[in-house]
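> heads up, no residue letters with this:
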C-alpha cells in the first residue's frame, strides 16, 4: 500500500493509503494502472466506469441487430429505418453538452448511475413499438444512455495522472464501446434465436430487450454505492470539509466552449466515434442486404467492428502516451493525424469492396483505426484546459454523436450506400488536417512553438511520484 503524503488535508481525505503509486502534486491521482486490481478509489472507479459504459452501449444498440426483423414486422422503408437510427444517436448530443459541466460540479459517479438506470427503462419497453414514429421516439430516449461516455472519460481523468490518462481513458472508453460489438452478437446471434425457440420471431424481438434493461438498471444502482468520485473521496464530502471549492457549471462550460481547440477535437471525434456509431447502426443491415446473409450471420459479422474495441482504442491511447513521453504534445498530435488518415483511406477501400471475405478483412483494419483515433483524441482532451475538463469532454463527446447524425443523414438521403461511404471517407481525410490548427497553451504544436519548462519536465518524466509495493488484496476497501 502507498501511504499518502501528510499535507494540509491529510486528516480530511477518505483514504490514508492507496494500492497504486500516486502523484500528490496531481491530487493523489494514480500514476500507474493495475488491470487486475479492484481496490478503491482508483481501480474501483476504473472498472465501474468501463463496465457501466459497456452496459449503456449494449442497451443503446440492442435494437440494431434486430432491425431487419423490426423492419419486416412494422413494414418500414429504408428511410424510416434510418430515421430511427439517426434518432438513436441524436438524443444524446444535448445530454453530452449538459453532463460535461455537471461532472465538474457533482462528479461522475452519481450521474453515471442515474443515466444508466434511466436508459434501461425505455429499453425494456422496446416491445411496445407499433410504428415508425414510436420506434424513433423510443430509440431517442434509449440513446440518452450514450451520454454516459462523458462520465466514463471524466471519471478516469479524475483518477489518473496526465502521464497515463491517455491509456486510462482509452481503455475505459474502448472496453465500454465494446458493448456495441457484444450486443450485435448477443442480441442478434444468441438471445434472439434462443427466444425464437419458444415463440414467433415478432414476439422474440419484442421481449428480448428486457434482458439488458434489467442488467443495466441494477448496475446503475450498484455503482453509486460501491465507488468514489475522486482519489480523496466524494465531491459532496470534499466540499463540506473545505478540501474542494464549489464549481460553477456555467463557468466551466463557458471556458470549455470558448477554447478553439475544443471545437477542432469536436469535429475530429465526429469523424471517428461518429463513424463507429453509424457502423453500429448500419453494418448488420448492410451485410445482410449486400451479401444476402441471414440476420444471425450478418449480426455476427457486424459485431467484429465493436470487438476491435477490446484492444484498438486502448492501443490508440497507449501509443499517444508513449509518443507524449518522447515528443510531448507534438507526439500526440502526430499520432492523431496518422490514425485519421488511415481510417479515412480504409473507409474508401471498404466502400469499393465486393467480396465478403475481403470486406471482413478491411472492416477489421478500418475498425481498428477508428477506435485508435478515439483513444488518441481523449489523450489530448485533458490538456486543453484542465479546470474545464468535464465540459470539454462533454463537448468533444457530443461531436461524436453529431458526426453520427450527419453520416446517418448521408446514408438516408444519398442514392447508394457506396456514395454515403465515400462521403464519410473524404470527410475523415479532411478532418485529419485540422490537427495542424491545434495549439494548446504551453505545448508545442505541429507547426512550431516550444513546450514550457514545466511541461517538458513532466513529459520527460523528471518529476517524482510516490512508490509502493504491489497490493496483496485487490479488493481492499479499507482506508
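Looks like it arrived, so ask away. Given the structure is predicted, the values throughout are model-derived calculations rather than measurements. Numbers count the residues shown, from 1 in each chain.
> now the helices for the stretch 1-150 of the chain?
42-60, 67-74, 78-106, 109-124, 132-143, 148-159 (DSSP state H, counting those that start in this stretch).
> to residue 206, which of the ones you listed lies closest?
Closest to residue 206 of the helices of the stretch 1-150 of the chain, according to CB to CB: helix 67-74, at 8.4 Å. C-beta coordinates here come from the backbone N, C-alpha and C atoms, glycine included.
> just the buried residues of the closest one, please?
Using 16 or more other CB atoms under 10 Å as the test for burial, helix 67-74 gives 67-71, 73-74.
> most widely separated two among these?
Checking the buried residues of helix 67-74 with CB to CB, the most distant pair is 68 and 74, at 11.5 Å.
> what does stretch 98-109 rub up against?
45, 48-49, 111, 115, 147, 150-152, 154-155, 158, 223-224, 227-230, 234-235, 247-250, 252-253, 256, 387-395, 397 (CB atoms under 8 Å, 6 or more residues apart in numbering).
> which of those are buried, as a ChimeraX select command?
The ChimeraX selection below is limited to those of the contacts of stretch 98-109 classed as buried (16+ other CB under 10 Å):
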select :45,48,49,111,115,147,150,151,152,154,155,158,223,224,227,228,229,230,234,235,247,249,252,253,256,388,389,390,391,392,393,394,395,397
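> low-confidence ranges in the stretch 151-300 of the chain?
For the stretch 151-300 of the chain, applying pLDDT under 70 flags no range at all.
> ok, which stretches of it are strands?
Ranges of strands in the stretch 151-300 of the chain, per DSSP state E, counting those that start in this stretch: none exist.
> dump the residue contacts of the residue most central in space within the chain.
In the chain, the residue lying closest to the centroid (CA atoms, centre = their mean) is residue 173, at 4.0 Å. Taking CB under 8 Å, 6+ apart, we find residue 173 in contact with 50, 53, 149, 152-153, 313, 317, 374-375, 378.
> can you put these in JSON lines and add distance to residue 415?
Listed next are the contacts of residue 173 as JSON lines, based on distance: CB to CB, whole Å:
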{"residue": "50", "distance to residue 415": "40"}
{"residue": "53", "distance to residue 415": "36"}
{"residue": "149", "distance to residue 415": "33"}
{"residue": "152", "distance to residue 415": "38"}
{"residue": "153", "distance to residue 415": "37"}
{"residue": "313", "distance to residue 415": "33"}
{"residue": "317", "distance to residue 415": "38"}
{"residue": "374", "distance to residue 415": "30"}
{"residue": "375", "distance to residue 415": "35"}
{"residue": "378", "distance to residue 415": "36"}
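> and of those residues, the nearest to residue 438?
residue 378 (13.8 Å).
> so who does that closest one touch?
By CB under 8 Å, 6+ apart, the neighbours of residue 378 are 153, 166, 169-170, 173, 317, 393, 396.
> from those, which land in helices?
153, 166, 169-170, 173, 317, 393, 396 (DSSP state H).
> quick check: buried residues in stretch 201-221?
201, 204-206, 208-209, 211-213, 216-217, 219-220.
> isn't residue 360 right next to residue 300, touching?
No: Residue 360 is not in contact with residue 300 according to CB atoms under 8 Å; the separation is 10.5 Å.
> looking at these two, which has the bigger crowd around it?
More neighbours surround residue 300 than the other of residue 360 and residue 300, with 19 against 14 (other CB atoms under 10 Å).
> which one is the more buried one nearest to, not counting chain neighbours?
Nearest non-adjacent residue to residue 300, counting by CB to CB, 6 or more residues apart in numbering: residue 189, 4.7 Å away.
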